[in-house]
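>>> Sequence first, predicted coordinates after that:
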Amino acid sequence: MIKGFIEVTSTKSNTKHLVNINWIEEIYDNAIYLAFNCPNGNSQDYIKCEETYKEIKRKIVEAQCG
């Protein structure tokens, strides 16, 4: 994996996403909330993931270590 990034699978589209861990603001259940808003500014951008909270947390730790 690339240092500083995690790969997660979207439940909405079943597609893989590489997420820069520096852009992560919050993890809630299995959703990653990003530190910026959608273009319309009405809601926060997030990815609902197939991975569990624990799996996402583990991936973040691994991405920091390289």
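Noted; the coordinates are in hand.
>>> can we go C-alpha only for contacts and neighbour counts from here?
Noted.
>>> Quick one: the strands in this structure, in order.
Residue ranges of the strands in the chain, as given by DSSP state E, are 5-9, 16-20, 24-28, 31-37, 44-48.
>>> Can I get the longest one in PDB, CA atoms only?
To tie it back to what came earlier, the one meant is strand 31-37. Coordinates of each C-alpha in strand 31-37 appear next as PDB, following Å, rounded to 0.1, in the frame of the first residue of the first chain:
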ATOM      1  CA  ALA A  31     -18.100   5.800   7.400                       C
ATOM      2  CA  ILE A  32     -15.100   8.000   6.700                       C
ATOM      3  CA  TYR A  33     -15.900  11.700   6.900                       C
ATOM      4  CA  LEU A  34     -13.500  13.900   5.000                       C
ATOM      5  CA  ALA A  35     -12.100  17.300   6.100                       C
ATOM      6  CA  PHE A  36     -13.800  19.200   3.200                       C
ATOM      7  CA  ASN A  37     -17.300  19.700   1.900                       C
END
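>>> So what does residue 29 look like in phi/psi?
The phi/psi pair for residue 29 (degrees, to the nearest 10) reads phi 50, psi -120.
>>> Okay, now the unreliable bits of the protein?
Per-residue confidence for the chain (pLDDT under 70) gives these ranges: 1, 37-44, 66.
>>> Closest to the mean position in it, which residue would that be?
residue 32 (4.1 Å; CA atoms, centre = their mean).
>>> Looking at the strands of the chain, which one is packed in the most?
Compared across those, strand 5-9 shows the largest average neighbour count, a mean of 19 (mean count of other CA atoms under 10 Å).
>>> Ok, which of the strands of the chain comes nearest residue 58?
Among the strands of the chain, the nearest to residue 58 by CA to CA is strand 5-9 (9.7 Å).
>>> So in terms of bridging, what pairs with the residue nearest to the centre of the chain?
residue 27, residue 47 (DSSP bridges).
>>> show me the contacts for the closest residue to residue 4 other than its chain neighbours.
Setting aside the residues directly before and after it, residue 4 is nearest to residue 63 in space (CA to CA, 6 or more residues apart in numbering), at 4.9 Å. Taking CA atoms under 8 Å, 6 or more residues apart in numbering, we find residue 63 in contact with 1, 2, 3, 4, 5, 6, 21.
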